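> task: produce atomic coordinates for the following.
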Amino acid sequence: MCPALSLTLAMVEADEQIARLRVTAHISHDSKNPNLWKFGELSATTSEPVSSQVIAYVSHMKVYWRPQSGLEVPQEWTSIILPPAEDPESPGTPIELERWFPLSLISAILLPVSSKLQPVSAASLSNRYMSADYVGPLFPVRDPPEDAESSVVRAMVNLLLCEHHPPGVFYCLASLLRGTYGCQLKLQPGHRFPPHFGDDLLQIDFGLVPEWQPTTEDMVRRSREAPLCFSSPALAIGMRLQDSDGESCTLTRQELMCLARATQPHLEALLLARHHRYPEPLLATSPLPPACIFVIAFRDMTIFIVAHIAFLQETTYRYQSLVVDQIPFPPYVPGEREGVVGRLRVIVALLTIRSHTDHLASLWDDLIWDPTIIDAELAVLRDFTGIVTPSPSEYEDPEVSFWGDMLDDIKLSPGGEEVATDVDPSPSEIASSKELVDVWLLGAVDAEDVPESTVPES
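Sure thing, here's the model as predicted:
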């Protein structure tokens with residue numbers, strides 16, 4: 001069958017299936033209806049239709065970067081961190097300075113403003129992270145940091161020290177979200193949503209999508225190049241807006257509508273994933289985070305944080321856009337406290353959004369869609385990336401071949417039942433294997449290192 005025709009048929013069948021899912025999940029069939037959206041600010045939500053639990057959730061998040069007193073940070077960050085002479089987990093092993101340096105640099109940057117910060121002990125942070133009710137930032141506090149956390153620390157340093165230049169600042173904002181647990185950061189991603197999600201979708205600048213673990217080189221490349229789609233939506237979004245003429249310091253109605261249009265297909269995909277995973281209505285006390293996607297909008301050296309929330313009104317989901325905060329991104333001047341605290345506030349806000357997005361991504365753990373939808377999504381990936389994943393018969397992996405050889409040795413009776421065979425190794429085979437293992441443990445890696453006597457005859 002023609003690939004184009006195959007793609008079309010797969011998309012038609014999947015779209016019919018998704019249309020039925022939208023009905024059972026109470027999602028409007030008219031995604032372009034502007035009346036589905038309401039706009040407001042978190043500070044003036046008394047008349048908003050969103051549930052009080054969701055408002056409390058978002059407000060609680062905001063408290064971490066807009067506290068009444070000082071910003072909370074790990075206690076170790078409030079004094080100079082000097083790397084030890086050797087690895088504390090492996091005495092006698094030299095310390096990897098490149099893993100410690102960014103953390104030491106953060107402590108040096110924050111030292112002049114330590115009086116404006118609220119240090120939190122490692123034990124207290126650990127207890128918070130273990131709580132299902134915690135909605136605050138996840139600080140990289142390992143000592144020394146793991147590889148993923150080390151990249152976060154480096155991104156924090158870049159954001160604290162970067163030049164006051166819009167393109168560079170926006171890239172640093174995106175980099176801080178890289179490494180979010182369960183998510184993959186995509187820059188300038190394409191999108192391929194079914195028709196029911198709309199046909200005039202807006203481009204986003206970066207997005208955090210649920211991560212799937214590729215196992216081959218082609219799959220890694222396809223994962224990197226894959227578009228945003230129904231099964232892989234953005235759970236946090238970044239958009240750089242056009243700088244204003246200096247007259248408007250807040251987001252305009254038109255800008256808010258653009259952010260809402262860009263977010264809606266991803267919010268609806270999130271709703272479908274929640275409904276598919278939990279068909280029964282979720283209770284208000286559910287440990288799941290609310291259906292809320294944060295957009296990080298950047299304009300005029302200001303970060304606007306906008307929450308896009310889905311709420312059920314009568315029998316249909318509607319959507320609320322709430323401007324949660326706008327945070328100026330000040331220039332960094334060594335020794336001046338205002339710039340450091342302002343940039344640190346942005347970091348804490350992004351780390352808090354990372355935590356929320358991590359919880360959302362957990363919905364995709366072991367999430368299995370109908371085979372019709374899976375086939376259509378794979379067809380879209382092949383069409384978009386041009387990368388075809390080989391079938392099992394076309395792909396030969398040495399380890400797979402090894403297990404295949406073992407399976408080939410199994411004898412079956414005429415009736416198809418496995419015949420018991422004597423598979424116990426001979427004493428010579430045991431001795432040969434032991435020598436091979438000993439050589440391997442001693443570090444032999446080349447064929448020449450293996451004694452001839454240990455090489456089994458073919």
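> what residue ranges in the stretch 201-350 of the chain score low on pLDDT?
Scanning the stretch 201-350 of the chain for pLDDT under 70 picks out 213-222, 246-248, 280-287.
> residue ranges for the strands of it, please.
206-210, 228-229, 236-240, 292-299, 302-313, 316-328 (DSSP state E, counting those that start in this stretch).
> what's the angle between the fifth one and strand 236-240?
Using axes from the mean of the first three to the mean of the last three CA atoms, to 10 degrees, the interaxial angle of strand 302-313 with respect to strand 236-240 works out to 140 degrees.
> count the neighbours of Glu338 for me.
Neighbour count of Glu338, defined by other CB atoms under 10 Å: 14. Every C-beta, even on glycine, is put in place using the N, C-alpha and C of the backbone.
> ok, it to Asp200 distance?
As judged by CB to CB, to the nearest Å, Glu338 and Asp200 stand 42 Å apart.
> what of Glu41?
Taken as CB to CB, the span from Glu41 to Asp200 is 27 Å.
> before we move on, what about Asp133?
Counting by CB to CB - Asp133 and Asp200 are separated by 40 Å.
> His60 now?
For His60 relative to Asp200 (CB to CB), the value is 35 Å.
> got the strands of the stretch 201-350 of the chain as a markdown table, with distance to His266 and mean neighbour count columns?
Compiled in a markdown table, these are given as follows (distance: least, CB to CB, whole Å; neighbours: other CB atoms under 10 Å):
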| stretch | distance to His266 | mean neighbour count |
| --- | --- | --- |
| strand 206-210 | 8 | 26 |
| strand 228-229 | 7 | 22 |
| strand 236-240 | 7 | 23 |
| strand 292-299 | 6 | 24 |
| strand 302-313 | 9 | 21 |
| strand 316-328 | 11 | 19 |
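> residues near the closest residue to Ala349 other than its chain neighbours, how many?
Spatially, and ignoring its direct neighbours in sequence, Ala349 is nearest to Trp65 (4.1 Å; CB to CB, 6 or more residues apart in numbering). Counted with other CB under 10 Å, residues neighbouring Trp65 total 24.
> what do you get for His165?
Burial measure for His165: 11 neighbouring residues, criterion other CB under 10 Å.
> please apply the same query to Leu105.
Around Leu105 there are 17 other residues, counting by other CB under 10 Å.
> I figured it hits Val157, correct?
Yes - the pair Leu105 / Val157 is scored as a contact, 5.4 Å apart, by CB atoms under 8 Å.
> before we move on, the earlier item: please say which of His60 and Asp200 ends up with more neighbours.
His60 (14 against 6).
> please, which helix or strand holds that one?
For His60, the host element (DSSP states H and E) is helix 52-65.
> got a list of contacts for that helix?
42, 45, 48, 71-72, 135-137, 284, 289-290, 292, 307, 309, 311, 322, 324-325, 327, 345-346, 348-349, 352-353, 356 (CB atoms under 8 Å, 6 or more residues apart in numbering).
> what of stretch 21-35?
Contacts of stretch 21-35 (CB under 8 Å, 6+ apart): 19, 36, 196-198, 257, 264-265, 268, 271-272, 275-276, 279, 312, 315-317.
> just the buried residues from the residues you listed, in PyMOL please.
Restricted to buried positions by 16 or more other CB atoms under 10 Å, the PyMOL selection for those reads:
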select buried, resi 36+196+197+198+264+265+268+271+272+275+276+317
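> the nearest residue to Cys258 once chain neighbours are set aside: how many residues sit nearby?
Excluding the flanking residues, the one nearest Cys258 by CB to CB, 6+ apart is Leu202, at 6.3 Å. Neighbours of Leu202 under the rule other CB under 10 Å: 15.
> can you give me the distance of Leu202 to Met257?
Leu202 is 10 Å from Met257, by CB to CB.
> before we move on, what about Tyr332?
34 Å.
> and for Ser232?
Taken as CB to CB, the span from Ser232 to Met257 is 25 Å.
> mind listing what's buried in stretch 243-255?
By neighbour count on 16+ other CB under 10 Å, the buried set for stretch 243-255 is 251, 255.
> please disregard the earlier target; I meant stretch 118-127.
Quick answer for stretch 118-127 (16+ other CB under 10 Å): 120, 125.
> ok now that stretch, how far from the chain's centre?
For stretch 118-127, the separation from the chain centroid amounts to 24 Å (computed by CA atoms, centre = their mean, to the nearest Å).
> list the residues that contact Tyr129.
Residues near Tyr129 by CB under 8 Å, 6+ apart: Leu138.
> quick check, it in a helix?
Yes - looking at Tyr129 with DSSP: H, G, I helix; E, B strand; the rest coil, it is inside a helix.
> distance-wise, check it relative to Val113.
25 Å.
> can you pull out the helices in the stretch 151-300 of the chain?
Secondary structure of the stretch 151-300 of the chain (DSSP state H, counting those that start in this stretch): helices located at 166-177, 217-225, 253-277.
> wait, Glu225 touches Phe384, no?
Yes - using CB under 8 Å, Glu225 is in contact with Phe384, at 7.5 Å.
> quickly list what the residue most central in space within the chain is bridged to.
By CA atoms, centre = their mean, the mean C-alpha position of the chain lies nearest to Cys183, the distance being 1.9 Å. Beta bridges link Cys183 to Pro210 when assigned by DSSP bridges.
> now Ile309
Residues in beta-bridge contact with Ile309 (DSSP bridges): Cys292, Gln320.
> would you map the strands across the stretch 1-150 of the chain?
Under the criterion DSSP E, counting those that start in this stretch, the stretch 1-150 of the chain contains strands at 37-41, 71-74, 117-120.
> can you lay out those strands as CSV showing distance to Tyr171 and mean pLDDT?
Shown next, in CSV, are those (distance: least, CB to CB, whole Å; pLDDT from 0 to 100):
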stretch, distance to Tyr171, mean pLDDT
strand 37-41, 28, 92
strand 71-74, 24, 94
strand 117-120, 26, 94
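> deepest of those, which one?
Comparing the strands of the stretch 1-150 of the chain by mean neighbour count (mean count of other CB atoms under 10 Å), strand 71-74 ranks first with a mean of 21.
> Phe139 - how many residues pack around it?
23.
> wait, isn't it in contact with Leu350?
No - between Phe139 and Leu350 there is no contact under CB under 8 Å: 11.8 Å.
> so what's in contact with these two at the same time?
Joint contacts of Phe139 and Leu350 (CB under 8 Å, 6+ apart) do not exist.
> let's see the pLDDT reported for the residue lying closest to His196 once chain neighbours are set aside.
Distances taken as CB to CB, 6+ apart put Ala19 closest to His196, at 5.6 Å, once the chain neighbours are dropped. Listed pLDDT for Ala19 reads 84.
> just Glu448 next, same as before
45.
> and what of the one 10 residues further on?
As summarised for this prediction, Ser458 has a pLDDT of 41.
> cool, His165 as well?
As predicted, His165 sits at a pLDDT of 89.
> state the distance from it to Pro331.
As judged by CB to CB, His165 and Pro331 stand 10 Å apart.
> again, but for Lys32
Plainly put, Lys32 is 42 Å away from Pro331 if you go by CB to CB.
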